[in-house]
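# The sequence and its predicted three-dimensional model are supplied below.
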Amino acid sequence: MGLRSDGVLGAAVLCAVLLFAGTVRAWPRLARGTRRAVGGRVGLLLVTQLALFAAVALAANRAFGFYASWADLLGREGVPGVVVDRVADAGSGGPLRVVRTRAVAGGGDPRSDGQVQEVGVVGRRSGVVTSAYVYLPPEYFQPRYRTRTFPAVVVLTGYPGTARALVDRLHYPRTALALATRGRAQPMILVMLRPTVAPPRDTECVDVPGGPRAETFFAEDLPDAVLAHYRAGGKPGGWGIVGDSTGGYCALKLALHHPGVYAAGAGLSAYYAAQTDAATGDLFRGAEERRNRADLWWCLDHLPTPDTSLLVTSSRSGESNYGDTLEFIERVKATKRTRISSIILESGGHNFNTWRREIPATLQWISGRLADR
């Protein structure tokens, strides 16, 4: 059974309940002060606590999508090779293969509800192989729009995160569909994936010397693959990028580093310099220039100011990035060229519930900054 399946969670909860009931029933017999009775009490309490912890951890993983499978949890995930298909209506084709499709809002007709496609992507320059979900709006399938191209928005999870959580838990496709239906946003293609292109390593979307070239993948390979397969806008101003937490840092960095690719970048609960810990390993191999480039504070002070639009979010109570976010806003405003917007909530933690409150306004904001053809 899968890590996020009902069966695994149900078994863990049942085991915890039975152990709790067994502890209550056996406690009178173990109330004596003998060594055996004391050992029995300690053992029962320990096993019961472990069962409760496992049930809570499984429920949290199911809610927030930290790990997609047992292999992902244990760091043994392997991504299979992807066949390159040439699609008749997609021009020259590209390194992207559709694995399966699903409806957005329960309907079966993509002309009215749009469609989500699970895809595999191969990076020709970076060598990265990863999976993603692509949301196509209803207009994409309607005959009167058959020659139209659509703005594209890359959507990134945090670390470790799962791309599926962007669809099922954060509801990006459903939100984009509702906004477009109400005329509050234009129809857009969403390309949803996690920034962890070399699991279980957290690459922080940088080109690691001798390692995964994550920035090259997101700045060059991913747009090329999508443009080759879908009717996405290929002109400047047609692409944006959004992310939460680690994905938010990546979104801001990619918009600053590659304004010719991403005309707008939104960081929900983002931080502003690459993290280094056991999950990232040595990202820079002593290269100070690479380390500086991954620091958005340094970029604002030392690199040419890019012509791009940024959005940052935080909350006055519940987010640890609140002070940094206010400082980042002021630093960007001082550049006079890069545009900055913000969403500041009164309260909200670093979690899905907070981001669901911010996503509708974020998609509406980014829609207004992308060219529609």
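Received, thanks.
# contacting residues around the residue nearest to S347 when sequence neighbours are not counted?
Closest residue in space to S347, ignoring its immediate chain neighbours: S317 at 4.1 Å, by Cβ to Cβ, 6 or more residues apart in numbering. All C-beta spots, glycine's among them, are computed from the backbone N, C-alpha and C. Residues in contact with S317 (Cβ atoms under 8 Å, 6 or more residues apart in numbering) are 346-348.
# from these, which would you call buried?
Those of the contacts of S317 that meet the buried threshold are G348, by 16 or more other Cβ atoms under 10 Å.
# Relative to D207, which of the contacts of S317 is nearest.
G348 (33.0 Å; Cβ to Cβ).
# My understanding was that that closest one contacts N321; is that so?
No - with contact defined as Cβ atoms under 8 Å, G348 does not reach N321; the gap is 11.6 Å.
# Past the worst-scoring helix or strand of the chain on mean pLDDT, which element shows up next along the chain?
Among the helices and strands of the chain, helix 70-73 carries the lowest confidence by mean pLDDT, DSSP states H and E, at a mean of 59. Downstream of helix 70-73, the first helix or strand assigned by DSSP states H and E is strand 96-103.
# What is that following strand packed up against?
Counting contacts by 3 or more Cβ pairs under 8 Å, 6 or more residues apart in numbering; DSSP states H and E, strand 96-103 packs against strand 115-122, helix 222-229.
# For this protein, just list every one of the helices.
6-26, 35-64, 70-73, 110-113, 163-168, 172-181, 214-216, 222-229, 246-257, 288-293, 296-302, 322-333, 352-367 (DSSP state H).
# Between those helices, which one is closest to V191.
helix 222-229 (5.8 Å).
# how big is the angle separating the closest one from strand 115-122?
Put simply, helix 222-229 runs at 120 degrees to strand 115-122, going by axes from the mean of the first three to the mean of the last three Cα atoms, to 10 degrees.
# Of the helices and strands packed on strand 96-103, which is nearest P304?
helix 222-229 (21.7 Å).
# Quick one: residues contacting H171.
Neighbouring residues of H171 by Cβ under 8 Å, 6+ apart: 356, 359.
# Poorly predicted segments of the chain, please.
1-4, 61-94, 106-107, 372-373 (pLDDT under 70).
# got the domain boundaries for it?
Domain ranges of the chain: 6-64, 77-367, per automatic domain parsing.
# Setting aside sequence neighbours, what's the nearest residue to R100?
Computed as Cβ to Cβ, 6+ apart, the closest residue to R100 that is not its neighbour in sequence is E118, at 5.0 Å.
# show me what contacts that neighbour?
Counted by Cβ under 8 Å, 6+ apart, E118 has contacts 98-102, 131-133.
# Okay then, goodbye and thanks.
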